[in-house]
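Participant: need a structure here:
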Amino acid sequence: MKNSVENKRERYKKKSKKNLEIILIILMLFLGISIILISLIFFNHKEKEEKKVETSSETVEENNVIEIVIPKEEKRKINDWRLILVNKENPLPQDFTIELANVDKTRQVDKRIIADLKEMMQSMKSVGINNIWVQSAYRSIEYQEKLYNNRINEYLKLGLKKEEAESLTLKYINKPGESEHNLGLAVDFNRVNEDFKNTKAFEWLSKNAKDYGFVMRYPEEKANITGIEYEPWHWRYVGKENAYKMNELNMCLEEYIKYLEEN
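Facilitator: Numbering: from 1, shown residues only. Below is the predicted model:
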């Protein structure tokens, strides 16, 4: 009887031990799986956080690039009266006034350029270029309007439509208030004809006009910038230092003013 009880106890102990081992194995497996899962969750979370931080940094960087607005430097204002720009985009200022001086009995220019103009023409005559005169100089707005309308009417009489007549007129005659002649700083020499480019006077002016502050205002190669066809007879006063610089840089007045504003 005693042996039977002991055998039962022994079997119970073995069974309990075996069950305990199974439980321990299950617990270890569970613990191992839990550790793996926790590790995966942790590293996954960490990776997401790192990406988030990286993305956030990139966004901040991109935002900084967008938000940092570098103000454009204001264009330098040109206050030189000799460089007043008058064209289709820049009409004569409303408050413009002028004091005139006579070139001859009928033609006038801005009083401030008369000395240089007369000296230049005298220098031409001193080297034997006598066939030179000022055909057109200062024009009032009223006179400019008359010239403009007369040219349009000439084209209309030839059978052109109004738009065509205006387009052709604007190649050589600007609208009132948009012509340099309204400034009193420009002169047209001789018969206002392209043949002037073949004269000794033109040759001399091309070499020496800058010494007196004058430049050819509408060069052939700059027509796309000035908006005016080649006018070898039309010379503009800009002052000696400006004339030298424009010749050096090979710039028309539109280009030169932009150059001064940006430098």
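
Participant: can you give me the helices for the stretch 1-150 of the chain?
Facilitator: For the stretch 1-150 of the chain, the helices defined by DSSP state H, counting those that start in this stretch occupy 2-67, 114-126, 141-157.

Participant: which secondary element of this protein has the worst mean pLDDT?
Facilitator: Within the chain, no helix or strand scores below helix 2-67, which has a mean of 60 by mean pLDDT, DSSP states H and E.

Participant: Do I have it right that Met246 meets Val215?
Facilitator: Yes. Using C-beta atoms under 8 Å, Met246 is in contact with Val215, at 5.4 Å. (Each C-beta comes from the backbone N, C-alpha and C, glycine too.)

Participant: mind listing what the residue lying closest to Arg76 once chain neighbours are set aside touches?
Facilitator: Closest residue in space to Arg76, ignoring its immediate chain neighbours: Glu261 at 5.0 Å, by C-beta to C-beta, 6 or more residues apart in numbering. Residues near Glu261 by C-beta atoms under 8 Å, 6 or more residues apart in numbering: Lys75, Arg76, Lys77, Ile78.

Participant: What count of nearby residues applies to Ser123?
Facilitator: 14 (other C-beta atoms under 10 Å).

Participant: cool, Tyr155 as well?
Facilitator: 17.

Participant: Same question for Lys171.
Facilitator: For Lys171, using other C-beta under 10 Å, the count is 14.

Participant: from here on, count from 422
Facilitator: Shifting the count to begin at 422 puts that one at Lys592.

Participant: And it, how far from Tyr639?
Facilitator: 10 Å (C-beta to C-beta, to the nearest Å).

Participant: sorry, back to before: specify the local secondary structure of the residue nearest to Arg497.
Facilitator: Here Glu682 is recorded as helix under DSSP: H, G, I helix; E, B strand; the rest coil.
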